[in-house]
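> how would this look folded up:
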Amino acid sequence: MTADRERPSDATKAAERAEADTKAGADRMPSEDEERVAEEQSIDDDVREHAKDMTERGARQQGEGRIP
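Prediction:
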């Protein structure tokens with residue numbers, strides 16, 4: 001790491017601004033085959049219970065890491 005601070009170039013600033021304006025999301029919709037395979041999958045009961053527990057734990061979170 002250098003002792004001198006470096007300033008980002010105008011190109012870097014423009015690229016970061018464009019990236020910040022990009023909305024998150026899928027790049028495409030799923031194909032019919034992908035949808036069918038996804039619908040055929042089942043969720044294990046242990047996974048379902050764990051997700052429920054983590055959701056409840058997050059709802060009761062206190063302290064520094066809490067997001068209001």
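
> For Pro8, which non-adjacent residue is spatially closest?
Setting aside the residues directly before and after it, Pro8 is nearest to Glu16 in space (Cβ to Cβ, 6 or more residues apart in numbering), at 7.5 Å. For the C-beta atoms, the positions are set from N, CA and C on the backbone; glycine is no exception.

> Check whether that neighbour really touches Thr22, as I assumed.
No: no contact is recorded between Glu16 and Thr22 when judged using Cβ atoms under 8 Å, the distance being 10.8 Å.

> the more surrounded of those two?
Neighbour comparison, Glu16 and Thr22: the larger count goes to Glu16, with 11 against 7 (by other Cβ atoms under 10 Å).

> Please identify the helix or strand for that one.
Per DSSP states H and E: Glu16 is located in helix 10-21.

> now that helix: mean pLDDT?
For helix 10-21, the per-residue pLDDT values average out at 94.

> Name the next helix or strand downstream of it, please.
Secondary structure here is assigned by DSSP H and E; on that basis, the next helix or strand after helix 10-21 toward the C-terminus is helix 32-40.

> any low-confidence regions in this structure?
Applying pLDDT under 70 to the chain flags the ranges 1-3, 67-68.

> Any idea how far the biggest helix by length in the chain is from the middle of the chain?
Determined from DSSP state H, the single longest helix within the chain is helix 45-59. Computed by Cα atoms, centre = their mean, to the nearest Å, the separation of helix 45-59 from the middle of its chain amounts to 18 Å.

> what does that helix rub up against?
Under the contact criterion Cβ atoms under 8 Å, 6 or more residues apart in numbering, helix 45-59 has no outside partners.

> can I get the CA coordinates of it in CSV?
This file holds the C-alpha atoms of helix 45-59, laid out as CSV (Å, rounded to 0.1, in the frame of the first residue of the first chain):
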residue,chain,number,x,y,z
ASP,A,45,-38.4,-30.3,6.8
ASP,A,46,-35.2,-29.6,8.6
VAL,A,47,-34.4,-26.8,6.2
ARG,A,48,-37.9,-25.4,6.5
GLU,A,49,-37.6,-25.5,10.4
HIS,A,50,-34.2,-23.9,10.3
ALA,A,51,-35.4,-21.0,8.0
LYS,A,52,-38.3,-20.4,10.4
ASP,A,53,-36.0,-20.4,13.4
MET,A,54,-33.6,-17.9,11.7
THR,A,55,-36.5,-15.6,10.7
GLU,A,56,-37.8,-15.6,14.3
ARG,A,57,-34.2,-15.0,15.7
GLY,A,58,-33.7,-12.1,13.3
ALA,A,59,-37.1,-10.6,14.3
